[in-house]
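J.: Provided below for reference: sequence and predicted model.
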Amino acid sequence: MKYEIKGDSLPVVICQLEAGEQMLTEGGGMSWMSPNMQMETTSNGGVGKALGRMFAGEKLFQNIYTAQGGPGMIAFASSFPGSIKPFQITPGNDMICQKSAFLAGEMGVQLSVAVNKKIGSGFFGGEGFIMQRLSGQGIFFAEFDGHVIEYELKPGQQIV
């Protein structure tokens, strides 16, 4: 998969897929696609996983898009002014995100519930108790309110 993120205030990620490649998003996450993209709606793991995603801020059902018969194109747009950022995950290196951060991802990416163990963060930090855990293998795209500032921290360095 190749991708490009375009736009400033309402960004969109445009993904170019080879034949047979697949993308995953929650219902309603796709903005436009080439005619050869096939869509399948699924609970993607049964009722338990669907309910877990719902508690993590996503919808019960997910859509799987597959490029059929040759290269295909599909776009996913942010639903509010902000930023879209790509993240690469690998087995054993899960990422924890805010509710509703997941926009789309490769088929190897799995979405589940993460519970914030810091009770004070839920009340005072704005993080909430229920978060999203992204695991597996592949690239996923997260959407964020507003502008994102990225920092490169050295080992042992922290920002509070």
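T.: Nice, thanks for sending it over. All of these numbers come straight from a predicted model, not from anything done at the bench. Numbers count the residues shown, from 1 in each chain.
J.: average pLDDT for the helix or strand containing Tyr3?
T.: Using DSSP states H and E, Tyr3 maps to strand 2-6. For strand 2-6, mean pLDDT rounds to 96.
J.: what sits up against it?
T.: For strand 2-6, contacts defined as CB atoms under 8 Å, 6 or more residues apart in numbering pick out Pro11, Val12, Val13, Ile14, Cys15, Gln16, Ile84, Pro86, Ile139, Phe141. Backbone N, C-alpha and C define where each C-beta goes, glycine included.
J.: and of those residues, the nearest to Met1?
T.: Cys15 (5.6 Å; CB to CB).
J.: just want the angle from the helix or strand containing the closest one to strand 2-6.
T.: Using DSSP H and E, Cys15 sits within strand 12-17. Calculated by axes from the mean of the first three to the mean of the last three CA atoms, to 10 degrees, strand 12-17 forms an angle of 170 degrees with strand 2-6.
J.: circling back: the strand holding Tyr3 pairs with which strands?
T.: Within its sheet, strand 2-6 is paired with strand 12-17 (antiparallel), according to DSSP bridges.
J.: pull the contacting residues for the residue positioned nearest the centre of the chain.
T.: By CA atoms, centre = their mean, the chain has its centre lying nearest to Phe102, at 2.6 Å. Taking CB under 8 Å, 6+ apart as the criterion, Phe102 is in contact with Glu26, Glu58, Leu111, Gln132, Leu134, Phe140, Phe141, Ala142.
J.: so which of these comes closest to Gly92?
T.: Of these, the one sitting nearest to Gly92 (CB to CB) turns out to be Leu134, at 12.7 Å.
J.: contact partners for Thr42?
T.: Phe61, Gln62, Asn63, Ile64.
J.: need the residues you listed in JSON lines (columns: pLDDT, secondary structure and distance to Glu106).
T.: What follows is the contacts of Thr42, written out as JSON lines (pLDDT from 0 to 100; DSSP: H, G, I helix; E, B strand; the rest coil; distance: CB to CB, whole Å):
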{"residue": "Phe61", "pLDDT": "78", "secondary structure": "coil", "distance to Glu106": "18"}
{"residue": "Gln62", "pLDDT": "84", "secondary structure": "strand", "distance to Glu106": "13"}
{"residue": "Asn63", "pLDDT": "90", "secondary structure": "strand", "distance to Glu106": "14"}
{"residue": "Ile64", "pLDDT": "93", "secondary structure": "strand", "distance to Glu106": "11"}
